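> Quick one, fold the following:
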Amino acid sequence: MSPLRLRAAPLALACALSACGGGREAEMAPPVDPDPLIAGTDVRTSATVSSAGATAFVATASAMDNDSAEPLALGDAQLATSDTEEPVE
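Numbers count the residues shown, from 1 in each chain. Next up is the predicted model:
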C-alpha cells in the first residue's frame, strides 16, 4: 500500500462512521386522545356533548363490578341530555 492510502484510510473510516446514525430522532408528540377526560374528573368529554355519549358513560360505569375501586370523580360535569332523541335500551 502506498503511504497516501495508509493516511487516507483512517480519514475515510472516520468519515464513514460519523455519517452513520448520530442524528437525533425527531421527538414525537404523544398521541392525542380523541375523547379526553374533563379536567379534574373521570368523565369523558363525549358524555357531556351528546346523550349517546352520556349513555355510554353510564353503561361503562355501571358495568364496573369492583367494589373496592376508587369512586368516580364527577366534579361539576353535567351529562348531556336530549329532548329529541329516542331512548336507548
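> What score does the residue nearest the centre of the chain have for pLDDT?
Using CA atoms, centre = their mean, the residue of the chain that lies closest to the mean C-alpha position is residue 31, 3.6 Å off. Looking at residue 31, its pLDDT reads 88.
> measure it to residue 80 for me?
Applying CB to CB, to the nearest Å, the value for residue 31 to residue 80 is 25 Å. In short, each C-beta sits where N, CA and C put it, glycine included.
> In terms of helices and strands, where is the residue nearest to the centre of the chain?
Assigned by DSSP states H and E, residue 31 belongs to neither a helix nor a strand.
> how close does it sit to residue 69?
26 Å.
> In the protein, what helix or strand scores lowest on average pLDDT?
Taking mean pLDDT, DSSP states H and E as the measure, the chain has helix 3-19 as its least confident helix or strand, at a mean of 68.
> Skip ahead from it and say which helix or strand is next.
Past helix 3-19, the next helix or strand by DSSP H and E is helix 46-49.
> And that next one, what does it pack against?
For helix 46-49, the contact count by 3 or more CB pairs under 8 Å, 6 or more residues apart in numbering; DSSP states H and E identifies helix 51-63 as packing neighbours.
> Any regions of the chain where pLDDT drops low?
Scanning the chain for pLDDT under 70 picks out 1-6, 13, 15-27, 88-89.
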